[in-house]
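Chemist: show me how the following folds:
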Amino acid sequence: MHDGFSGILNLTIGCGSLLLGVLSIILYFTGVFRSRRKVRLRHWPTWRAFSWCAGTFLAVLTLSVPFMEAAHHDFRLHMAGHLLLGMAAPLLLALGAPVTLLLRTLDTSRARKAAGWLKKPIFSFYRHPVTASVLNIGGLWVLYATPLFHAMHSHPIVYLIVHAHVFLAGYLFTVSMIYIDPAPVRHSPLFRTAVFIPALAAHGILSKYIYAYPPVGVPADQARQGAMLMYYGGDLIDLVLIILLFRSWYKQTGTRTKRFIEKKPAPS
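Modeler: You can find the predicted model right below:
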């Protein structure tokens, strides 16, 4: 990678991500304050705002110039960035429920238009658990099992595209598994679990593949340590996803059971 061009690109990415991060937080809290003016709405949870800020911070940190430059020479830091940008940050941002906040902020007519856009087939396609899993896990296999990893560090534009994909695919995967925001097409917890299990397995197998077959240009010791970080760190974040998925499943089942009991006639 040409040092001059890569330095300019890193600076551009770092400054751009910082500006986007600050703007996203400003817009988020503007939505919080505006929604509080509506008396009929419940108070917006503080923990959701904290989650949004934490997710934004992790994404900006991963795309900061010092972190990118260090990760360029250390595969372990690169893998830590993968976990932060592609898994932890999307999870925290999803827990911030940005779409719900947007709909609360807008007036009724605009909220209906926004909800109508979310029902477009294109959004349902990309938010489908299978599609999101292929884009997320499949994208990682393409990155680490092909020459793309080496090309990413040789061509700055490819570097930018890969990181954008890792973040967006990670967010799509997260919101396809847990329904924090409104979802026009809601798949059953059983179906989402059936998709999540092979996705989880594919992520673990990839980490073992990296351990045995390091990407081109990566020292074997760094590849092994990075693979272990991917394996155990990924499992930790996936555990949180599993808990949230099963919690919603439990609540959904409990609600149906309660309704059944209430409707069941009492014995005479």
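
Chemist: quick check: mean pLDDT of the longest helix seen in the chain?
Modeler: As assigned by DSSP state H, the longest helix anywhere in the chain is helix 220-263. For helix 220-263, the mean pLDDT works out to 83.

Chemist: please apply the same query to stretch 36-52.
Modeler: Here the average pLDDT along stretch 36-52 is 82.

Chemist: who touches residue 241 in this structure?
Modeler: Residue 241 makes contact with 91, 174, 177, 178, 196 under the criterion Cβ atoms under 8 Å, 6 or more residues apart in numbering. Yep, even glycine has a C-beta here, placed from its N, CA and C like the rest.

Chemist: can you count the residues close to the second one?
Modeler: Using other Cβ atoms under 10 Å as the criterion, residue 174 is surrounded by 24 other residues.

Chemist: is it true that it touches residue 94?
Modeler: Yes: counting by Cβ atoms under 8 Å, residue 174 touches residue 94, with 4.7 Å between them.

Chemist: so what pLDDT did the spatially closest residue to residue 165 that is not a sequence neighbour get?
Modeler: On the basis of Cβ to Cβ, 6 or more residues apart in numbering, the spatially nearest residue to residue 165 that is not a chain neighbour turns out to be residue 139, at 5.7 Å. Residue 139 carries a pLDDT score of 95 in this model.

Chemist: phi and psi next, for residue 139.
Modeler: With angles defined as degrees, to the nearest 10, residue 139 sits at phi -60, psi -40.

Chemist: how about the contacts made by it?
Modeler: Neighbours of residue 139 in contact, by Cβ under 8 Å, 6+ apart: 165, 166, 169.

Chemist: look up how far residue 54 lies from it.
Modeler: 24 Å (Cβ to Cβ, to the nearest Å).

Chemist: same question for residue 152.
Modeler: 27 Å.

Chemist: higher neighbour count, those two?
Modeler: residue 152 (21 against 17).

Chemist: show me what contacts the more buried one?
Modeler: Taking Cβ under 8 Å, 6+ apart as the test, what residue 152 contacts is 143, 158, 159, 162.

Chemist: so which of those is the closest to residue 87?
Modeler: Nearest to residue 87 among the contacts of residue 152 is residue 143, at 14.2 Å by Cβ to Cβ.
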